[in-house]
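>>> I'd like to go over a predicted model; first the sequence, then the structure.
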Amino acid sequence: MTGTILDTGRRTLAAIRAWLRADPRRAMPAVTALALVLAQITYPLSAGVARDRITVAVVVLSASTALLHAATTRGLRWAAGFFVVVSGLGLTAEIVGTATGFPFGGYAYAVDRLGPAFADVPLAVPLAWTGGLYPIWIVAGMLVSRERPSSASITRRPGRSGSVRARAHSASDARLLSGSNAGRVGLFVLGAVGWDLFLDPQMVADGQWTWAVTDAGLPGIPEIPYTNYLGWTLVAVVMAVILTLLDHFLPPPRDPSVAVPVAVFGWTWLGSALAHAVFLGLPASAIWGFLGLGVLGIPLFLRARAARRAF
């Protein structure tokens, strides 16, 4: 048994070294992703001001991981575009939401807990949209892709084969109203709402924001009204449509590696379910969040399993 574990560990380390050797820039988002996991592990062990600081650190690390991966695989223009679309629309929706109650319902943020704020919205909040939604966008794209994921697509060094991939990408995405684009929009929206099934209960339990209506939600989490999820659906649709345009008009990935965002997605899905159920005392949101993100997570797991069997 010990020999098997050690052998598995050696193979894993060898695979990681080969993956990084193919493009050393991959180390940057990988390092911030590791720091993100470590910071999230400390969250249930903290309280008060320390927990608020850890929350901000988690947001900064998640956004940094997303943007570093986007910049190293798609380029600075695409990374900047993603940030402007997601955090920009997120901030706009939050400002309008806290002022008018549309589109999420009436709510208000706690004062001076998550750092600087603009129009009563902590700036960490729109930054969290970028960090949380980037892995979902990547996974949604993988699930609608006709290309079966493989170790080659994860570790291949860009070159001549990369140009072939670019031409194939351009041809497959030539029509903005293609079925794959529509499918990606739909999966992204479902994933965004699924992520919020973890996020909102956790932050409300911690007192980061409060809702005006606290008895009109899902079973087990009535303190978060249904209007919140309708608002997330609306905002996520707008984001996904604009991101589809961004994908259409900017160059395709120069590095096909998706290991980091997929790992972050898996950690968010399964790690959050475990944390809510065992460490945070939020069993209802553990179930709802697991099912919500499972709409993407379960097909992703089955697809990866089928790919391993194929090779």
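Everything's here; your move.

>>> Look up the closest residue to residue 77, ignoring the ones flanking it.
Spatial nearest neighbour of residue 77, excluding adjacent residues (CB to CB, 6 or more residues apart in numbering): residue 250 at 5.9 Å. Glycine gets a C-beta too; all of them are placed from N, C-alpha and C.

>>> correct me, but that neighbour touches residue 75?
Yes: Residue 250 is within contact range of residue 75, at 7.3 Å (criterion: CB atoms under 8 Å).

>>> Tell me which stretches of this structure form strands.
For the chain, the strands defined by DSSP state E cover 107-109, 117-118, 121-122, 209-211, 217-218, 221-225.

>>> Would you reformat the ones you listed as a markdown table and include distance to residue 31 and mean neighbour count?
What follows is the strands of the chain, written out as a markdown table (distance: least, CB to CB, whole Å; neighbours: other CB atoms under 10 Å):
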| stretch | distance to residue 31 | mean neighbour count |
| --- | --- | --- |
| strand 107-109 | 31 | 17 |
| strand 117-118 | 29 | 14 |
| strand 121-122 | 26 | 24 |
| strand 209-211 | 31 | 18 |
| strand 217-218 | 37 | 20 |
| strand 221-225 | 34 | 20 |
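
>>> Now residue 102: closest residue in space that isn't a chain neighbour?
For residue 102, the closest residue by CB to CB, 6+ apart turns out to be residue 96, at 6.3 Å.

>>> what's the distance between that neighbour and residue 133?
Applying CB to CB, to the nearest Å, the value for residue 96 to residue 133 is 18 Å.

>>> ok, these two, which is more surrounded?
residue 133 (26 against 17; other CB atoms under 10 Å).

>>> for that one, what are its contacts?
86, 188, 191-192, 195, 236, 239 (CB atoms under 8 Å, 6 or more residues apart in numbering).

>>> What of residue 195?
Applying CB under 8 Å, 6+ apart to residue 195 gives the contacts 132-133, 136, 268, 289, 292-293.

>>> now swap in residue 196 and tell me
228-229, 232, 292.

>>> and the residues you listed as CSV, adding pLDDT and distance to residue 222?
Converted to CSV, the contacts of residue 196 look like this (pLDDT from 0 to 100; distance: CB to CB, whole Å):
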residue, pLDDT, distance to residue 222
228, 98, 12
229, 98, 13
232, 98, 17
292, 98, 17
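
>>> now, which of those residues lie within helices?
228-229, 232, 292 (DSSP state H).

>>> top of the residues you listed by neighbour count?
Within these, residue 228 tops the neighbour count with 24 neighbours, counted by other CB under 10 Å.

>>> For the residue nearest to residue 102, report the pLDDT, please.
As predicted, residue 96 sits at a pLDDT of 97.

>>> One more: residue 158?
Predicted confidence (pLDDT) for residue 158: 44.

>>> Just name the closest of the contacts of residue 133 to residue 298, please.
Closest approach between these and residue 298, by CB to CB: residue 191, at 12.0 Å.

>>> What separation do you get for the closest residue to that closest one other than its chain neighbours and residue 296?
Counting by CB to CB, 6+ apart, residue 191 lies nearest to residue 136, which is 3.8 Å off, once chain neighbours are set aside. The spacing between residue 136 and residue 296, counted by CB to CB, is 7 Å.

>>> overlap in contacts of those two?
Common neighbours of residue 136 and residue 296 (criterion: CB under 8 Å, 6+ apart): 191, 265.

>>> Neighbour count: the two, which is higher?
Each of residue 136 and residue 296 has its neighbours counted (other CB under 10 Å); residue 136 has more, 26 against 23.

>>> What residues does the more buried one make contact with?
188, 191-192, 195, 265, 296.

>>> In CSV, list those residues along with distance to residue 128 and pLDDT.
Listed next are the contacts of residue 136 as CSV, based on distance: CB to CB, whole Å; pLDDT from 0 to 100:
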residue, distance to residue 128, pLDDT
188, 16, 98
191, 15, 98
192, 12, 98
195, 10, 98
265, 15, 97
296, 19, 98
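
>>> Now that we have the contacts of residue 133, can you turn them into a markdown table and tack on distance to residue 120?
Output for the contacts of residue 133, formatted as a markdown table (distance: CB to CB, whole Å):
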| residue | distance to residue 120 |
| --- | --- |
| 86 | 20 |
| 188 | 28 |
| 191 | 28 |
| 192 | 23 |
| 195 | 23 |
| 236 | 23 |
| 239 | 22 |
